[in-house]
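Visitor: need coordinates for the following:
(chains A and B)
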Number of protein chains: 2
Amino acid sequence: MNSNITQEQLLQAKETLTNLVHKTPVLSSEVIDKKVGADLYFKCENFQKTGSFKFRGASYAVSRLGSDQKKNGVTTHSSGNHGQALAKAAQLAGIRAYIVMPENAPTVKKQAVKGYGAEVIICESTQAAREKTCRDIQEKTGATFTPPYDHENIVIGQSTASQELFEQTDNLDYLLAPVGGGGLLSGALLAAKFFSPTTKVIGSEPLGADDAYRSIKAGKRLPQENPQTIADGLRTSLGEINFEIISENIDQILTAKEDTIIEALKMMHHHLKIMAEPSCALPLATILENKSMFEGKKVGIIISGGNVDLDVYYESLK
Amino acid sequence: MNSNITQEQLLQAKETLTNLVHKTPVLSSEVIDKKVGADLYFKCENFQKTGSFKFRGASYAVSRLGSDQKKNGVTTHSSGNHGQALAKAAQLAGIRAYIVMPENAPTVKKQAVKGYGAEVIICESTQAAREKTCRDIQEKTGATFTPPYDHENIVIGQSTASQELFEQTDNLDYLLAPVGGGGLLSGALLAAKFFSPTTKVIGSEPLGADDAYRSIKAGKRLPQENPQTIADGLRTSLGEINFEIISENIDQILTAKEDTIIEALKMMHHHLKIMAEPSCALPLATILENKSMFEGKKVGIIISGGNVDLDVYYESLK
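Guide: Reported below is the predicted structural model:
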């Protein structure tokens, strides 16, 4: 596979999503800036519809379906943000969504997906069971499988978060995004390539789930086995198209230790006054561990989502 | 005393504060809108500098000091947001601030005030001790006393939050603000009077601290004794100038029960993804208790602040 995503495709996605997505605000904190010695601009996708940037990719993927595909709806397997995003995107497009969720997914997430009008199909909590259940649904219903990150239209949709951030700021020296499957980061890389080529894009990853760092170094995809991190959204392995775009365009992948991730999450809690998932703390955490690199620079940061369980949030911050 | 605050004064404050305050974003949630049956626009002053709208009033009050007054600095007594706001406003103006704080104020708040460069003076935690300590400081230093709400310049400063909200939205049917001392609400009333006269302004108050409701009904200021509410920012009594402006201009004061306040706080937590003080939940809580009144309407809501203690926040939401 070769990624030939064009500037025109990115612009078209921006146009398509204009009236579908929230144009999320950019926040900053003088206290945090003083502590790190840089000017940080936080693009708050936790305020996006369904609580994360995933709504952008899902909406764009749905918008690109042909009329025959639309008749049969969409399906995916997800215990997290992509399931909610796809359910809502399908609802707005007036098409069916079948979301496969593992039996151990939190009740509140299952309810959220149902609340967006999707059909929830419960399966065993193994990757094999999730994939098989999803294939069965495709066969039975003809629904189009819509993956969480490893798809061109998903990446193009996610790029709109960074496109907006470039419009909302001037001359960013750096743009940092957390990297799990790599949808957000590959979208950021394409947005920078076409709309802000002097901005260096960096992926931020937990040291305990550093498959992107290792994969880029090795020049091939290395899976993430046994991830050890509080940042649950980043425990997954890099996707194929995502690896390709990242390895072609990335400036650097930086990792952060768990203690620093928690320190960064606390700083965001105290000074930005937002609910942010632990995964969102990665960019700030990697800045804290590499202060001299960012000193005096203008740095954009994508806050990926805000769907936190209060108990988990409390445990991680107290 | 008679309130003769003019449109020109409000415009001047807006101009003065343009480069000092954050122009805070307005958030909305389709899920909340669907639940209440109205279009709600949340003006997020929890993202304001020092974490609350209080920074607007404090900054404007400091900007209006004469050069002789500036030499001697400012003072106030506060266990909460006004102390931080005045400390930061004084720091930016390059003048001294003496903040009297009760001995039982949380360490984190004392540290925040010190962090803004102010001198913290600890006293007993009675109103009498706070006032006496503050008077002593005025005598000793010549510092100008800057009260949290009962002052024309404070009210004019707070009006800029509502002025901004009117610019960021179109044709609001209602504007709701929580009411404690009345600074935010009287500022909202003046902003509506001059810039959006068709918008009805409503004060939202806990049933367990309903002195504004009772005062407006009685036609005179009735003190709040023994307040019983989780909304700690609203336990105080209405100020004199605030009562005057409110009774002249208010459409209605609505109250909400504690259970509804907590329900509203949970909705804001889950769907707006923001850290908001319990006091911020009052407007939404009063809407929940008076749904038919707001059905199909466009409603602006001022989120007053986000300086929450995580333990308290967790206890109130779990």
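Visitor: quick one, strands of chain A?
Guide: Secondary structure of chain A (DSSP state E): strands at A:26-27, A:39-44, A:74-77, A:97-102, A:119-123, A:144-145, A:174-178, A:200-206, A:252-256, A:298-303.
Visitor: what about stretch A:131-144, average pLDDT?
Guide: Here stretch A:131-144 scores 96 as its mean pLDDT.
Visitor: pull the residues that contact it.
Guide: With C-beta atoms under 8 Å, 6 or more residues apart in numbering or on different chains as the test, stretch A:131-144 has contacts from A:65, A:69, A:71-77, A:96-98, A:100, A:121, A:123, A:145. Placement of C-beta: from N, CA and C, glycine included.
Visitor: turn the strands of chain A into TSV, including mean neighbour count.
Guide: Compiled in TSV, the strands of chain A are given as follows (neighbours: other C-beta atoms under 10 Å in any protein chain shown):
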stretch	mean neighbour count
strand A:26-27	22
strand A:39-44	24
strand A:74-77	26
strand A:97-102	24
strand A:119-123	16
strand A:144-145	18
strand A:174-178	27
strand A:200-206	27
strand A:252-256	22
strand A:298-303	26
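Visitor: residue contacts, A:Met293?
Guide: No residues are in contact with A:Met293 under the rule C-beta under 8 Å, 6+ apart.
Visitor: ok, now A:Gly80?
Guide: Going by C-beta under 8 Å, 6+ apart, the list of residues near A:Gly80 reads A:Lys109, A:Asp232, A:Gly233, A:Asn307.
Visitor: can you do 10 Å?
Guide: Neighbouring residues of A:Gly80 by C-beta atoms under 10 Å, 6 or more residues apart in numbering or on different chains: A:52, A:54, A:101, A:105-106, A:109, A:148, A:180, A:232-233, A:236, A:277, A:279, A:305, A:307.
Visitor: of those, list those near chain B.
Guide: Contacts with chain B within these, counted by C-beta under 10 Å from any C-beta of the partner chain: A:Ser52, A:Glu277, A:Gly305, A:Asn307.
Visitor: can you count the residues close to the last one?
Guide: For A:Asn307, the tally of surrounding residues (other C-beta atoms under 10 Å in any protein chain shown) stands at 23.
Visitor: correct me, but it touches A:Asn46?
Guide: Yes - when contacts are counted by C-beta atoms under 10 Å, A:Asn307 is listed as touching A:Asn46 (8.1 Å).
Visitor: from memory A:Glu45 sits against A:Phe53, does it?
Guide: Yes - with contacts defined as C-beta under 10 Å, A:Glu45 counts as touching A:Phe53 at a distance of 4.0 Å.
Visitor: quick check: neighbours shared by these two?
Guide: A:Val21, A:Thr24, A:Gln158, A:Ala161, A:Ala177, A:Leu184, A:Ile302, A:Ile303, A:Ser304, A:Gly305.
Visitor: got the residues of the stretch 101-250 of chain A near chain B?
Guide: So far as C-beta under 10 Å from any C-beta goes, the stretch 101-250 of chain A lies against chain B at A:Val108, A:Ala112, A:Gly115, A:Tyr116.
Visitor: will you turn the residues you listed into TSV that also has distance to A:Lys88?
Guide: Listed next are these as TSV, based on distance: C-beta to C-beta, whole Å:
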residue	distance to A:Lys88
A:Val108	15
A:Ala112	9
A:Gly115	9
A:Tyr116	4
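Visitor: which of those are buried?
Guide: A:Ala112, A:Tyr116 (16 or more other C-beta atoms under 10 Å in any protein chain shown).
Visitor: so which of the residues of the stretch 101-250 of chain A next to chain B comes closest to chain B?
Guide: A:Gly115 (7.7 Å; C-beta to the nearest C-beta).
Visitor: on that earlier part again, spit out the residues that contact A:Asn307 and A:Asn46 alike.
Guide: Jointly contacting A:Asn307 and A:Asn46 under the rule C-beta under 10 Å, 6+ apart are A:Ser52, A:Met275, A:Ala276, A:Glu277, B:Lys273.
Visitor: farthest pair within these?
Guide: For the shared contacts of A:Asn307 and A:Asn46, the maximum inter-member distance is 11.6 Å, found between A:Ser52 and A:Met275 (C-beta to C-beta).
Visitor: so those two - more neighbours on which side?
Guide: A:Ser52 (29 against 25).
Visitor: test my guess that the more buried one contacts A:Asn46.
Guide: Yes - counting by C-beta under 10 Å, A:Asn46 is a contact partner of A:Ser52 at 7.0 Å.
Visitor: burial count for the nearest residue to A:Leu10 once chain neighbours are set aside?
Guide: With sequence-adjacent residues excluded and distances taken as C-beta to C-beta, 6 or more residues apart in numbering or on different chains, A:Leu10 is closest to A:Ser159, at 5.2 Å. Neighbour count of A:Ser159, defined by other C-beta under 10 Å: 31.
Visitor: returning to what we had before: dump the shared contacts of A:Asn307 and A:Asn46 to TSV, plus distance to B:Lys318.
Guide: Shown next, in TSV, are the shared contacts of A:Asn307 and A:Asn46 (distance: C-beta to C-beta, whole Å):
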residue	distance to B:Lys318
A:Ser52	23
A:Met275	15
A:Ala276	19
A:Glu277	19
B:Lys273	18
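Visitor: which of those residues lies closest to A:Thr169?
Guide: A:Ala276 (19.1 Å).
Visitor: quick check: the gap between that closest one and chain B.
Guide: 8 Å (C-beta to the nearest C-beta, to the nearest Å).
Visitor: relative to chain B, how far out is the residue nearest to A:Leu10?
Guide: To chain B, A:Ser159 is 22 Å away according to C-beta to the nearest C-beta.
Visitor: how about A:Gly233: what's its closest non-neighbour residue?
Guide: Of all residues not flanking A:Gly233 in the chain, A:Ser279 sits nearest, at 3.6 Å (C-beta to C-beta, 6+ apart).
Visitor: cool, A:Gly115 as well?
Guide: A:Gly115 sits nearest to B:Val31 (C-beta to C-beta, 6+ apart), 7.7 Å away.
Visitor: could you check the pLDDT of the one you found?
Guide: Value listed for B:Val31 in the pLDDT field: 91.
Visitor: and for the one 10 residues further on?
Guide: Predicted confidence (pLDDT) for B:Tyr41: 98.
Visitor: list the contacts for it?
Guide: B:26-28, B:33, B:165, B:168-170, B:172, B:175, B:298-302.
Visitor: A:Asp173 touches A:Leu40, doesn't it?
Guide: No - with contacts counted by C-beta under 10 Å, A:Asp173 stays clear of A:Leu40, the gap being 11.1 Å.
Visitor: from A:Glu258, how far out is the residue lying closest to A:Ala61 once chain neighbours are set aside?
Guide: Computed as C-beta to C-beta, 6+ apart, the closest residue to A:Ala61 that is not its neighbour in sequence is A:Asn153, at 4.3 Å. According to C-beta to C-beta, to the nearest Å, A:Asn153 and A:Glu258 sit 34 Å apart.
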